[in-house]
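In: Provided below are the primary sequence and the corresponding predicted coordinates.
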Amino acid sequence: MKKKTMSYMMTGALSITILSGVSSSPAEAASPQFIREQATASISRTKTKNFADVVAEQAAALGVSINGDSLETAARKVRLAKLNKQAAALGIETADQDEKTLRLYVKKAHEINVYNLADYYGVETEGRRLKDIIADIAAISPESAAQLTGFY
């Protein structure tokens, strides 16, 4: 009886595998064509932009030349240009500054701006995150909060 039940189960599993189109052999499952088909099916999204296109648009908006650069190098240039723009908006000197130090200065200057506006509008800051403080400032004055967006 056990042999008969086992043969029915194996036949059913094999039938489901054949009918569903799933590759049954390891060689077919590992083939480059099959992997490519699986990857493209899972990655395709609707109404999303390609990262390279986004980097190119931002580079054009910032006036950064990325011709002939790899995607990683182009993205790094765009990040640095954005950081320099933010530093200039906050009045931070960017000459002879590496990216990490400049990012820290921009973050600190942004925090100071948030705390100054919170004091001006009487918003409680003790033990609260910047995001929550900015949300309270936005409830009082959306124009002032708009100046605080775009930073960290």
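Out: Arrived safely. Numbers count the residues shown, from 1 in each chain.

In: in this structure, which ranges drop under the pLDDT threshold?
Out: For the chain, the stretches flagged by pLDDT under 70 are 1, 14, 17-46, 150-152.

In: mind running it again at 90?
Out: Residue ranges of the chain with pLDDT under 90: 1-53, 65-71, 85-99, 110, 113, 125, 130-131, 141-152.

In: tell me the centre residue of it?
Out: Most central in the chain under C-alpha atoms, centre = their mean is residue 51, positioned 9.8 Å from the mean C-alpha point.

In: Check the spacing between residue 8 and residue 15 real quick.
Out: Residue 8 sits 10 Å away from residue 15, going by C-beta to C-beta, to the nearest Å. The C-beta positions use only the backbone N, C-alpha and C, and glycine is treated the same way.

In: what does residue 2 give?
Out: In terms of C-beta to C-beta, residue 2 sits 20 Å off from residue 15.

In: okay, those two: which has more neighbours?
Out: residue 15 (10 against 6; other C-beta atoms under 10 Å).

In: Contacts made by the lengthiest helix in the chain with the rest, please.
Out: Ranked by residue count under DSSP state H, the longest helix found in the chain is helix 99-121. If you take C-beta atoms under 8 Å, 6 or more residues apart in numbering as the criterion, helix 99-121 is touched by 79-80, 83-84, 86-87, 90-92, 94, 97, 123-125, 130, 133-134, 136-137, 140-141, 144, 147-148, 151-152.

In: still on that earlier bit, quick one, what contacts the residue nearest to the centre of the chain?
Out: In this structure, residue 51 makes contact with 71, 75, judged by C-beta under 8 Å, 6+ apart.
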